[in-house]
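**Student:** heads up, no residue letters with this:
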């Protein structure tokens, strides 16, 4: 038997999205890891609030879009539609962008598509999408030469040819590892292109990418490629049995006008607080106190700076400032 070696970009694409790939498994990604959507309904409510503010900032167009990129099984779409005010829920056009088949029981209003719709205005939201856009991995050899990392289906790795062309230029600009033997980098050029293409589909509105990530000067020496299976981090093996993910180089991905903030700051700006309920409530309404305490605990998990609160929110504006619009009537004024 012979072993087939290829770059991580090809191997990841096949393992995640190919026939029998990880994202086509019947249990779905939620069977292996929790995103902010699964942690608490506060997250979908915050995204719904963001859509309300974007709608106001746009002057309340007749048919604003909510585009969920990397929609999974439609969990965020379902939560957002449930949390929207009735008036906006009646106008919004929701899209689920996902390569997997449309999930059963999804709200019939949702337009399920494999590609980001063109020419829409509203809110484009990509929650933990970019980290699953496949990329090549590079490593500096003993002489300090940056080489592509090749991988077999069983997860064994070896170094291939020197990185060349556009990938070499990307490394030199955004994640220079040449001359540093053993250093690794994920070459984020496909993610840059994917994000530019997604945001380019908006005529007006806001685009937000939510993910773990880093910026130049704080890149991890050994890279970030890893796997997840059944709630545990595992070695990255491209055989379809686990998620394969790598953090996002936000500064390379975003435009010159983009802003980057943390999930903690973003959710707080959208009204998600983690304050504990007053202890006096336990005496007057014990059941209500328990519910409020559980809600505060879930909100705290979403905003924990050592966990989900440390996610980056990359914000791009198209005809709007690249920031979370203010609440209320001030949103319309921009």
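**Tutor:** Sure, I can see it. These numbers come from a predicted model, not from an experiment.

**Student:** can we go C-alpha only for contacts and neighbour counts from here?
**Tutor:** OK.

**Student:** remind me, longest strand of this protein?
**Tutor:** What stands out as the longest strand in the chain, according to DSSP state E, is strand 202-211.

**Student:** which outside residues touch that strand?
**Tutor:** 54, 58, 118-131, 199, 247-248, 263, 311-320, 322 (C-alpha atoms under 8 Å, 6 or more residues apart in numbering).

**Student:** Mind giving me the packing neighbours of the helix or strand containing residue 12?
**Tutor:** Taking DSSP states H and E as the definition, residue 12 sits inside helix 8-17. In terms of contacts (3 or more C-alpha pairs under 8 Å, 6 or more residues apart in numbering; DSSP states H and E), helix 8-17 is packed against strand 136-140, strand 146-151, strand 243-245.

**Student:** For residue 213, grab the count of nearby residues.
**Tutor:** 21 (other C-alpha atoms under 10 Å).

**Student:** show me where the stretch 51-200 of the chain has helices.
**Tutor:** Applying DSSP state H, counting those that start in this stretch to the stretch 51-200 of the chain gives helices spanning 75-83, 86-91, 165-174, 189-199.

**Student:** Centroid-nearest residue for this structure?
**Tutor:** With distances taken as C-alpha atoms, centre = their mean, residue 128 lies nearest the centre of the chain, 2.2 Å away.

**Student:** Isn't it up against residue 71?
**Tutor:** No: when contacts are counted by C-alpha atoms under 8 Å, residue 128 is not listed as touching residue 71 (9.5 Å).

**Student:** can you list contacts of stretch 172-182?
**Tutor:** 139-146, 171, 183-185, 187, 216, 219, 222, 252.

**Student:** which of those residues count as buried?
**Tutor:** 139-141, 145-146, 171, 183-185, 187, 219, 252 (16 or more other C-alpha atoms under 10 Å).

**Student:** Could you dump the residues you listed into TSV with distance to residue 306 and pLDDT added?
**Tutor:** TSV is the format used below for these (distance: C-alpha to C-alpha, whole Å; pLDDT from 0 to 100):
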residue	distance to residue 306	pLDDT
139	28	98
140	30	98
141	33	98
145	34	98
146	32	98
171	28	98
183	25	98
184	24	98
185	23	98
187	25	98
219	17	97
252	23	98
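
**Student:** Most widely separated two among the residues you listed?
**Tutor:** Greatest spatial distance in the buried ones among the contacts of stretch 172-182: 141 and 252, 24.1 Å, computed using C-alpha to C-alpha.
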